[in-house]
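Participant: I need the structure of the sequence given here:
(one chain, ligands or ions: 2)
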Amino acid sequence: MGRLTEHFTRKELECRCGCGTCYVSPQALSKLETLRRLARRPIFINSACRCPAHNARVGGAPLSQHRSTTTRPATAFDISLRNFHKGELIRLAIQAGFKGIGQNYKTFVHVDDRHYYARW
Ligand SMILES: [Zn+2]
Ligand SMILES: [Zn+2]
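Facilitator: Ligands and ions are numbered 1, 2, ... in the order given. Take a look at the predicted model:
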């Protein structure tokens, strides 16, 4: 169980179906570490990488930023709200450089490292 960054292990970021897929964009990982540093508390990831089959099963968009293949890394993290108020987490995520923010979920906020601002 390798540590991918100072605060996150492979186990936390790999596909939840058990397939072992775990290709995350290095730039997205570095922003996740920045977010962790700004937050100064543990960050729980509900979902990061998804293999194409699992992405389809959970109803992810076909070109979801969570989708991870050998040629295309995931750039998205669904961050649990168990340690954050939603507004605070969104503010910190933007500060960390994430441009894609999905806020209409009960238990998590989706953040991703797309190249244009998008909020839903
Ligand atoms: Zn999988
Ligand atoms: Zn998401």
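
Participant: residues from this structure in reach of ligand 2?
Facilitator: 76, 78, 110 (CB under 5 Å from the ion). The way it works is simple: take the backbone N, C-alpha and C, and place the C-beta from them, glycine included.

Participant: Can you name the helix or strand that the most centrally placed residue in the chain falls in?
Facilitator: The central residue of the chain, meaning the one whose C-alpha is nearest the mean C-alpha position (CA atoms, centre = their mean), is Phe77 at 1.0 Å. Mapping Phe77 onto the secondary structure by DSSP states H and E places it in strand 76-80.

Participant: Tell me the helix or strand right after that strand.
Facilitator: Scanning the chain past strand 76-80 towards its C-terminal end, the next helix or strand to appear is helix 86-96 (assignment: DSSP H and E).

Participant: List the residues that contact the residue of the chain found nearest ligand 2.
Facilitator: Among residues of the chain, the one nearest ligand 2 by CB to the ion turns out to be His110. It sits 3.3 Å away. Each residue near His110 by CB atoms under 8 Å, 6 or more residues apart in numbering is listed here: 76-79, 100-103.

Participant: Quick check: closest non-adjacent residue to the residue nearest to the centre of the chain.
Facilitator: Of all residues beyond its chain neighbours, the one nearest Phe77 is Ala48 (5.1 Å), with distances taken as CB to CB, 6 or more residues apart in numbering.
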